[in-house]
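> Kindly return the folded structure for what I paste below:
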Amino acid sequence: MNSLDLARTTSIPSAQHDFDQADLTFSATEWDTYRPEQGKPISYKEQHLIVYPLKELSRAFSVAGIPRSQQQLIKWETDGVLPPTPFTFGRKRFYTENQIRTIVDIALECGLRPRTHVKKTNFSELAHLELTYILQLELNTNEAPVV
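Here you go, the predicted model:
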C-alpha cells in the first residue's frame, strides 16, 4: 500500500463536518433583552421623546454585569468622564434609551469590569463622541434642549 492508498482510506474530518456539528443557537443575554422602565415623555421642538431617570442608567450597568451606582455615575458626569445630560429637571438627570444603551455598550466595548477604573480605559473619549452624535440625531439640532 502506498501513501496515496493510505490517504484514500484514512478518514480525515472535514471542516464542513465539524461546522455542521457545531451548535449555532443564539442565546440572548440579559443585556440583549434589557429595556428601561419608568419613562417620562417630554416634548422638544415638536419632537416627542421618552427619557428615563439616572437610576435606569445604573440598572442598565448592573444588567450588563458591570454595576455602577447612581452616585458613581453622577461623579463621572461631574468629573467630565460622561458628558452632562441635556435632560435635567431640577437636579434630576434623565437619559433617552439610546443614550443608556450607548453608554453601557461603550463601557462593555472598552473592557470596563466591576473592579476596573474608568480612567484606565478610553471610555470617556468614546462616550463624548458617541453621545454628541446620538443627541444630534435625536434632536435634529446642535442646541441643548430646554425642558
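> Could you pull up the mean pLDDT of stretch 106-126?
For stretch 106-126, mean pLDDT is 90.
> Would you mind identifying the helix or strand in this structure with the lowest mean pLDDT?
Between all helices and strands in the chain, the lowest mean by mean pLDDT, DSSP states H and E belongs to helix 15-21, at a mean of 51.
> Report the secondary structure element holding I100.
helix 97-109 (DSSP states H and E).
> List the neighbours of that helix that are in contact with it.
Judged by Cβ atoms under 8 Å, 6 or more residues apart in numbering, the contacts made with helix 97-109 from elsewhere in the structure are 31, 35-36, 39, 50, 52, 56-57, 60-61, 64, 66, 82, 85, 95, 123, 126-127, 130-131, 134-135, 138. C-beta coordinates here come from the backbone N, C-alpha and C atoms, glycine included.
> In helices only, show me those.
With helices defined by DSSP state H, the entries of those inside them are 56-57, 60-61, 123, 126-127, 130-131, 134-135, 138.
> Return the item of those having minimum pLDDT.
Scanning those for pLDDT, the low point is E138. It has 84.
> ok, it - contacts?
With contact taken as Cβ under 8 Å, 6+ apart, E138 is in contact with 47, 49, 96, 98.
> ok, and the most crowded of the residues you listed?
T96 (22 neighbours; other Cβ atoms under 10 Å).
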